[in-house]
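Enquirer: fold the following for me, if possible:
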Amino acid sequence: MNITKSVTALVAATAIACAVPAIAKDKAPELSGLELQQIQSHDVEADKSIVFSSVMSVLQDAGYRIQAADLDTGLITGLGSSKGKLTYNLLTGFGKSKKTPFVSAYIEKIGPAITRIRLNFVMAKMKSTIYSSQPQDEEPILDVAVYKDAFEKLDQAVFLRQSMNAAPAAPASVPVAATTVQATVK
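Expert: Alright, predicted model coming up:
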């Protein structure tokens, strides 16, 4: 009987040892702070107010509902749309579960004509029951292509806003001076 327990323990230990490297492979590699900044940051040659307005516009075009925005601090937060699914838990009853995208943007002036944008996209698993509704798990989105696409759209929006601001204003209508014609009577 001891041999059976020993063999069972050995098989279980081997299975766990083989599963640990597989689990470790699935986990995304940890990024340093500098690597994360490189993915999430982008510098633009434009005034902070133009960049701020452009970020607001691009996020709204992408389907985010702006929750908070402040030009002075340069902070914008937004919540994306998602569909939920019905869940059931023995303790809390029926509820809803969904994955919801969140974004935060920080816009700062770093030079006379340079503004830096830092975006942070997160996918949050939201659960709601009759008792509460709150984010349960958050997973940062670290896909370089997502940030590259967002920054390309931001560059286009900034270019358009700068072009609109640089366009010459339509000449103001000049009032025609009233001229009086005096007839000479002879």
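Enquirer: now do the contacts for residue 56.
Expert: 66, 69, 76 (CB atoms under 8 Å, 6 or more residues apart in numbering). For every residue, glycine as well, the C-beta is placed using N, CA and C.
Enquirer: check which helix or strand it maps to.
Expert: Under the criterion of DSSP states H and E, residue 56 resides in helix 48-61.
Enquirer: beyond that helix, next helix or strand please.
Expert: strand 65-70.
Enquirer: only C-alpha atoms, please: export the helix or strand following that next one in PDB.
Expert: Tracing the chain past strand 65-70, the next element assigned as helix or strand by DSSP H and E is strand 75-79. The C-alpha coordinates for strand 75-79 follow below in PDB (Å, rounded to 0.1, in the frame of the first residue of the first chain):
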ATOM      1  CA  LEU A  75      -5.700  63.900 -17.300                       C
ATOM      2  CA  ILE A  76      -8.500  62.200 -19.300                       C
ATOM      3  CA  THR A  77     -10.300  59.000 -18.300                       C
ATOM      4  CA  GLY A  78     -12.700  57.000 -20.400                       C
ATOM      5  CA  LEU A  79     -14.900  53.900 -20.400                       C
END
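Enquirer: returning to what we had before: any idea which of the contacts of residue 56 has the most stuff around it?
Expert: Counting neighbours by other CB atoms under 10 Å, residue 76 comes out on top of the contacts of residue 56 with 23 neighbours.
Enquirer: so what's that residue up against?
Expert: Taking CB under 8 Å, 6+ apart as the test, what residue 76 contacts is 52, 55-56, 59, 66, 68-70, 103-105, 107.
Enquirer: recalculate using a threshold of 10 Å.
Expert: 52, 55-56, 59, 64, 66-70, 103-107, 117, 119 (CB atoms under 10 Å, 6 or more residues apart in numbering).
Enquirer: just the buried ones from those residues?
Expert: 52, 55-56, 59, 64, 69, 103-107, 117, 119 (16 or more other CB atoms under 10 Å).
Enquirer: output these as a markdown table; include the columns distance to residue 140 and pLDDT.
Expert: Shown next, in a markdown table, are these (distance: CB to CB, whole Å; pLDDT from 0 to 100):
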| residue | distance to residue 140 | pLDDT |
| --- | --- | --- |
| 52 | 23 | 98 |
| 55 | 19 | 98 |
| 56 | 22 | 97 |
| 59 | 17 | 97 |
| 64 | 16 | 95 |
| 69 | 22 | 98 |
| 103 | 11 | 96 |
| 104 | 11 | 97 |
| 105 | 15 | 98 |
| 106 | 15 | 98 |
| 107 | 20 | 98 |
| 117 | 17 | 98 |
| 119 | 11 | 97 |
